[in-house]
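Participant: Next input, structure requested:
(one chain, ligands or ions: 3)
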Amino acid sequence: MEKELSAGDQRALVDRLMASCGGSYTPEVRRRYFISGPQWAAAYQGQALFHAPVRRAIEPDEVIRNLSEIGIAWWATHDIDIISAADLLTDRQNLILDGISESLKRYGVRCSMVTGETFFSPVWAAGPAAEQPEVRAYARRRLENVVEIGHRLGASFIVYWPGTLGYQLQGVIDETLMLQRYAELLNAACEKDIQVAQTAGRSTMRHCLEAKPFEPQAEILLPTTDAMLNFIASGLLEHPEMVGVNPEYLHELMWGGAPRAALARALLRGKLWHFDINDGYRLKHDVDIGVGLVNPLDWLNVLMLLRAHGYNGPFNLDYKPPRTTSEYGVFRVSFPSAVDRFITLWEIAGEALADPVICEATRALEAGAGASGASDGDTVFEANKELWTLHELIGHRLVQILLGQHRGRTFVDLAPEHQEMRRD
Ligand code: GCO
Ligand code: MN
Ligand code: MN
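Facilitator: Numbers count the residues shown, from 1 in each chain. Ligands and ions are numbered 1, 2, ... in the order given. Below you'll find the model as predicted:
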């Protein structure tokens, strides 16, 4: 009988195959990118409605140490990821934050973003902008507290995901009222920020709204990044200049949108400040798969847009290591491979933007045929129709660049077992 593969043997196998994969960057190189690792992604135990946890709980100090070793220079957190419900808004909270600050300092990691939990606790059963004044007063204290936590940890971004802003049952809520009430909460957070920033001699933070089309409410009041942009411009916010968006790649894909187009619309409004990066499938639930594992071509194109428009905000690894990945695998495979795919796609995007074929084709398309005499549709079409073949040529070129064909990755000398497929 064959010897059983012990846990140690399995880890050694994972390490060996991971090393065989190659293509990884050093921690120093990884640190050059504004990539953040969320506490909740690393600490995700694999639990869900139909799923029992598969990994043990893990403390912030351990997460921060591991991110540091991998070369992820930034860390992000929810208030309740680091402070238990019992300690929130008490003096104990400050002790905990001191401990976190020490861990960050010890491992040379910086806190980029903090976010408030307004979806999990029983008190949010009807959402943070519920009818009851006491729920909203509590929500306000919690959001103001997140602002304080953010300043204390040195964060520059706050994210809001109002997934409980909506309803399960028809006829219960007045949407306009709920949105007004939500705006009041954001106004309070911005006011608090102005105050704390002034006292602390710091800049105010960037407040970023994150949309998700489905979950946890049945109907969501602000389901897309576009809805968020509209809300920011609604006149309900007292400091719209302090509020921008944090699109999540998968959340735009989930409703059937094109993430790149959603990002472009936010860029045009000057509101693309923060970006949650991950992957998944259209019109499915929020699987939060690691960046580039499902749609690498689309990701390449997304990053071309962001590079071309000088996006310089954080890339937040808001994904969930799959349930099949072990605790060991989270920091040995999941995080490092996500970072390395991102960096590679980012660099390929730079290559694609500078690619002579794409550049020349784009210039030619922009110039047009130059048929100045053509005024009716048929003549304009006839004058330009050969040029438009370049669209497909550009599409082909982009895939070539993704696959490395432009660098000579071809299969001229097919392996003998594939020879029979050739007809030459
Ligand atoms: C999700 C959400 C969350 C938020 C986070 C920050 O996919 O469930 O995107 O991960 O980003 O709660 O507010
Ligand atoms: Mn997110
Ligand atoms: Mn998500």
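
Participant: which residues are in contact with stretch 116-128?
Facilitator: 78-81, 85, 132, 135-136, 138-139, 142-143, 145-146, 158, 160-166, 178, 182, 185, 216-217 (CB atoms under 8 Å, 6 or more residues apart in numbering). Any C-beta I mention is one placed from the backbone N, CA and C, and that applies to glycine too.

Participant: which ones are touching the residue nearest the centre of the chain?
Facilitator: Among the residues of the chain, residue 276 comes closest to the average C-alpha position under CA atoms, centre = their mean, at 1.0 Å. Applying CB under 8 Å, 6+ apart, we find residue 276 in contact with 210, 246, 247, 248, 249, 251, 316, 318.

Participant: partners of it in the sheet?
Facilitator: residue 248, residue 316 (DSSP bridges).

Participant: any low-confidence regions in this structure?
Facilitator: Counting by pLDDT under 70, the chain has low-confidence residues at 1, 414-424.

Participant: Going along the chain, name the strands of the protein.
Facilitator: Using DSSP state E, the strands of the chain run over residues 35-38, 74-78, 110-115, 157-160, 166-167, 206-209, 219-220, 243-245, 275-276, 315-316.

Participant: Can you convert the ones you listed into CSV and add a column each for distance to residue 59?
Facilitator: Compiled in CSV, the strands of the chain are given as follows (distance: least, CB to CB, whole Å):
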stretch, distance to residue 59
strand 35-38, 14
strand 74-78, 12
strand 110-115, 16
strand 157-160, 22
strand 166-167, 33
strand 206-209, 27
strand 219-220, 33
strand 243-245, 31
strand 275-276, 23
strand 315-316, 20
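
Participant: got TSV for those, with distance to ligand 2 too?
Facilitator: Formatted as TSV, those follow (distance: least, CB to the ion, whole Å):
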stretch	distance to ligand 2
strand 35-38	8
strand 74-78	10
strand 110-115	9
strand 157-160	8
strand 166-167	17
strand 206-209	10
strand 219-220	14
strand 243-245	12
strand 275-276	4
strand 315-316	7
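
Participant: Looking at the contacts of residue 276, which two lie furthest apart in space?
Facilitator: 251 and 316 (12.6 Å; CB to CB).

Participant: Residues of the stretch 101-250 of the chain that sit close to ligand 2?
Facilitator: Proximity of the stretch 101-250 of the chain to ligand 2, by CB under 5 Å from the ion, involves residues residue 248.

Participant: nearest to residue 297, of the contacts of residue 276?
Facilitator: Of all the contacts of residue 276, residue 297 sits closest to residue 249, with 13.3 Å by CB to CB.

Participant: and the nearest residue to that closest one once chain neighbours are set aside, how many residues sit next to it?
Facilitator: Nearest residue to residue 249, sequence neighbours excluded (CB to CB, 6 or more residues apart in numbering): residue 259, at 5.0 Å. Residue 259 has 24 neighbouring residues, counting by other CB atoms under 10 Å.

Participant: again with residue 92
Facilitator: Neighbour count for residue 92, taken as other CB under 10 Å: 13.

Participant: mind listing what it touches?
Facilitator: 83, 86.

Participant: Quick check: it vs residue 298, distance?
Facilitator: For residue 92, the distance to residue 298 equals 45 Å [CB to CB, to the nearest Å].

Participant: and the stretch 51-200 of the chain, which of its residues are near ligand 1?
Facilitator: When proximity is defined by CB under 6 Å from any ligand atom, the stretch 51-200 of the chain lies next to ligand 1 at 115, 159, 161.

Participant: Spit out the contact partners of the nearest residue to the last one once chain neighbours are set aside.
Facilitator: I take that to be residue 161. With CB to CB, 6+ apart as the criterion, residue 161 has its nearest non-adjacent residue at 4.3 Å, and that residue is residue 210. For residue 210, the contact set (CB under 8 Å, 6+ apart) comprises 159, 160, 161, 228, 245, 246, 247, 248, 251, 276.

Participant: who wins for most neighbours among the residues you listed?
Facilitator: Taking other CB under 10 Å as the neighbour criterion, residue 246 ranks highest of those with 31 neighbours.

Participant: Look up how far ligand 1 lies from the closest residue to residue 297 other than its chain neighbours.
Facilitator: Excluding the flanking residues, the one nearest residue 297 by CB to CB, 6+ apart is residue 402, at 5.6 Å. Applying CB to the nearest ligand atom, to the nearest Å, the value for residue 402 to ligand 1 is 26 Å.

Participant: Identify, from the contacts of residue 210, the entry nearest to ligand 1.
Facilitator: The shortest approach to ligand 1 among those belongs to residue 161, at 3.5 Å (CB to the nearest ligand atom).

Participant: Of the contacts of stretch 116-128, which qualify as buried by neighbour count?
Facilitator: 78-81, 135-136, 138-139, 142-143, 145-146, 158, 160-166, 178, 182, 185, 217 (16 or more other CB atoms under 10 Å).

Participant: Just the ones in helices from these, please.
Facilitator: 79-81, 135-136, 138-139, 142-143, 145-146, 178, 182, 185 (DSSP state H).

Participant: among these, which two are most distant?
Facilitator: 81 and 178 (26.4 Å).

Participant: how about the nearest residue to the residue of the stretch 1-150 of the chain found nearest ligand 1, chain neighbours excluded?
Facilitator: When scored by CB to the nearest ligand atom, the stretch 1-150 of the chain has residue 115 as its residue closest to ligand 1, at 3.8 Å. Excluding the flanking residues, the one nearest residue 115 by CB to CB, 6+ apart is residue 159, at 4.1 Å.

Participant: What of residue 31?
Facilitator: Leaving aside its sequence neighbours, residue 31 sits nearest to residue 73 (CB to CB, 6+ apart; 4.4 Å).

Participant: what do you get for residue 205?
Facilitator: Of all residues not flanking residue 205 in the chain, residue 158 sits nearest, at 5.1 Å (CB to CB, 6+ apart).

Participant: Repeat that for residue 281.
Facilitator: Leaving aside its chain neighbours, residue 281 sits nearest to residue 294 (6.4 Å; criterion: CB to CB, 6+ apart).

Participant: likewise residue 60?
Facilitator: Using CB to CB, 6+ apart and skipping residues adjacent in sequence, the residue nearest residue 60 is residue 82, 5.3 Å away.

Participant: Surely the residue nearest to residue 205 touches residue 150?
Facilitator: Yes: counting by CB atoms under 8 Å, residue 158 does reach residue 150; the two are 5.5 Å apart.

Participant: Please identify every residue contacting each of those two.
Facilitator: Residues touching both residue 158 and residue 150 (CB under 8 Å, 6+ apart): 113, 114, 205.
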